[in-house]
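Turn this into a structure:
(one chain, ligands or ions: 1)
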Amino acid sequence: MADSFTEGSSTEDGKKRQQFGNRLLSDPARVFHYNAWDNVEWSEEQAAAAQRKVQENSTQRVCQEKQVDYEINANKYWNDFYKIHENGFFKDRHWLFTEFPELAPSQNQNPLMDLLSENKRSQVPGWKSSKDGLGFITEQPQCSSNGLGHEAETLSVEENVTQKLSHLEVRADEFPGSSASYRIFEVGCGVGNTVFPILQTNNDPRLFVYCCDFSSTAIQLVQTNPAYEPSRCFAFVHDLCDEDKSYPIPRDSLDVIVLIFVLSAVVPDKMQKAIDRLSRLLKPGGMMLLRDYGRHDMAQLRFKKGQCLSENFYVRGDGTRVYFFTQDELDTLFTTAGLEKVQNLVDRRLQVNRGKQLTMYRVWIQCKYRRPLWTDTGS
Ligand SMILES: C[S@@+](CC[C@H](N)C(=O)[O-])C[C@H]1O[C@@H](n2cnc3c(N)ncnc32)[C@H](O)[C@@H]1O
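You can find the predicted model right below:
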């Protein structure tokens with residue numbers, strides 16, 4: 001896995017980095033002048049060669065018994081990984097704030113709040129003012145059979161009581177970070193290479209950051225990190241595929257969910273439900289951010305025969321697994337979960353090891369999908 005996470009390094013000259021996509025290789029003779037080139041065009045031969053490589057390394061599948069072991073013990077393989085590498089493997093990601101300004105300070109505004117300040121409250125189904133200033137109650141917007149715009153005051157007593165009870169149940173009111181007004185949740189946070197830069201960069205007192213991982217070793221490393229502040233952050237062990245265990249965060253309460261190289265570690269047939277569950281935690285207008293492996297990334301082409309679990313899904317030598325996505329697959333996962341596309345781009349990068357005069361073709365996908373401000377429920 002040693003090559004997988006070099007994309008997070010800061011600029012070699014320490015200058016503020018630009019967004020991805022700005023350094024273009026127009027003269028191949030200059031390839032070794034920089035460490036990386038953006039938006040690299042693949043020739044037809046290169047794409048065909050990649051396709052052949054994948055066909056080759058996928059012909060022989062891992063036996064069923066081992067597949068079951070990798071699934072059942074997935075968190076243990078990651079625990080072993082973190083016991084060996086501790087904090088030393090993944091690099092901090094200075095690109096985070098240029099690619100995902102939603103994580104930076106001054107973002108602490110829900111688009112819903114803007115909308116509401118524009119006197120459009122009546123257009124937002126389910127809107128009620130709430131004491132913590134979130135603006136949106138944590139239960140699902142309620143629509144009457146008459147369609148949108150049915151005011152809460154006109155509900156029957158019984159409906160009102162039911163609403164209030166479910167409200168209490170879902171909110172469980174004193175959840176960690178309940179008094180914050182901007183909430184970010186990183187899923188599969190590892191040892192905190194995203195969480196700590198957020199906490200250090202974004203000093204907004206109204207910010208609260210949640211993070212989880214199913215590796216207890218990783219979470220322990222987060223919690224014992226000197227930069228971990230329980231008043232601003234809550235790290236917990238959680239398997240995003242576990243359907244029986246709920247998140248310690250109410251529905252409709254998060255501004256941002258971050259998935260960085262984690263969805264690819266999940267067995268493909270469990271991805272949709274995991275994204276469905278997460279999307280329900282977003283506030284209307286809240287955003288899901290993802291950066292992950294793209295189809296035919298160098299890491300995929302390097303797998304040897306016998307490491308393939310299923311199409312485009314592989315197991316590394318250390319028992320951790322990885323999937324390589326297309327843009328369409330991710331679009332389907334997010335839109336099926338009721339989110340709308342804001343960004344879905346492929347980042348084809350040529351990384352260069354100038355010392356060894358090596359070139360490496362990386363393919364990453366970056367997505368931003370938003371929970372709609374309101375859902376057209378039909379009538
Ligand atoms: C490639 S690492 C990325 C770590 C972190 N996001 C980062 O960017 O440094 C993948 C992480 O996902 C976690 N992970 C994999 N499957 C998971 C699951 N089902 N539930 C929660 N975490 C999971 C692993 O333990 C590991 O920490």
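
Surely Ser58 and Glu311 touch.
Yes - at 6.7 Å, Ser58 counts as touching Glu311 under the criterion of CB atoms under 8 Å. Glycine gets a C-beta too; all of them are placed from N, C-alpha and C.

out of those two, which sits in the more crowded spot?
Ser58 (19 against 11; other CB atoms under 10 Å).

and the closest residue to that one other than its chain neighbours, what are its phi and psi?
When the adjacent residues along the chain are set aside, Ser58 lies closest to Cys308, with 4.4 Å between them (CB to CB, 6 or more residues apart in numbering). Geometry field for Cys308 lists phi and psi as phi -90, psi 130, criterion degrees, to the nearest 10.

separation between Cys308 and the ligand?
Note on Cys308: its distance to the ligand, by CB to the nearest ligand atom, to the nearest Å, is 18 Å.

quick one: pLDDT of that residue?
With respect to pLDDT, Cys308 has a value of 98.

confidence score at His33?
72.

Could you do the one 5 residues further on as well?
On the pLDDT scale, Asp38 is placed at 78.

Verify the contact between it and Arg23 for me.
Yes - using CB under 8 Å, Asp38 is in contact with Arg23, at 5.0 Å.

Give me the nearest residue to the closest residue to the ligand within the stretch 1-150 of the chain, chain neighbours excluded.
Distances between the stretch 1-150 of the chain and the ligand by CB to the nearest ligand atom are smallest at Trp78, namely 3.4 Å. Excluding its sequence neighbours, the residue lying closest to Trp78 (CB to CB, 6+ apart) is Ser215, at 4.0 Å.

give me every residue that touches Tyr314.
Neighbouring residues of Tyr314 by CB atoms under 8 Å, 6 or more residues apart in numbering: 57, 300, 303, 307-308, 321-323.

What strands flank the helix or strand that contains it, and is each parallel or antiparallel?
Using DSSP states H and E, Tyr314 falls within strand 313-315. In the sheet, strand 313-315 lines up against strand 308-310 (antiparallel), strand 321-323 (antiparallel) (DSSP bridges).

still on that earlier bit, show me what the residue nearest to Ser58 is bridged to.
Arg61, Tyr314.

and it, what does it touch?
Contacts of Cys308 by CB under 8 Å, 6+ apart are 57-62, 314.

okay, and for the protein, where does confidence drop off?
Counting by pLDDT under 70, the chain shows low-confidence ranges at 1-21, 25, 31-32, 34, 88-92, 107-173, 376-379.

And the helices in the stretch 201-350 of the chain?
216-223, 271-279, 298-301, 327-336 (DSSP state H, counting those that start in this stretch).

Residue numbers of this protein in contact with the ligand?
Within reach of the ligand by CB under 6 Å from any ligand atom, the chain has these residues: 74, 78, 90, 188-190, 193-194, 213-215, 218, 239-241, 260-262, 265-266.

Give the buried subset of the residues you listed as a ChimeraX selection command.
A single ChimeraX command is used to select the members of these judged buried by 16 or more other CB atoms under 10 Å:
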select :74,78,90,188,189,190,193,194,213,214,215,218,239,240,241,260,261,262,265,266
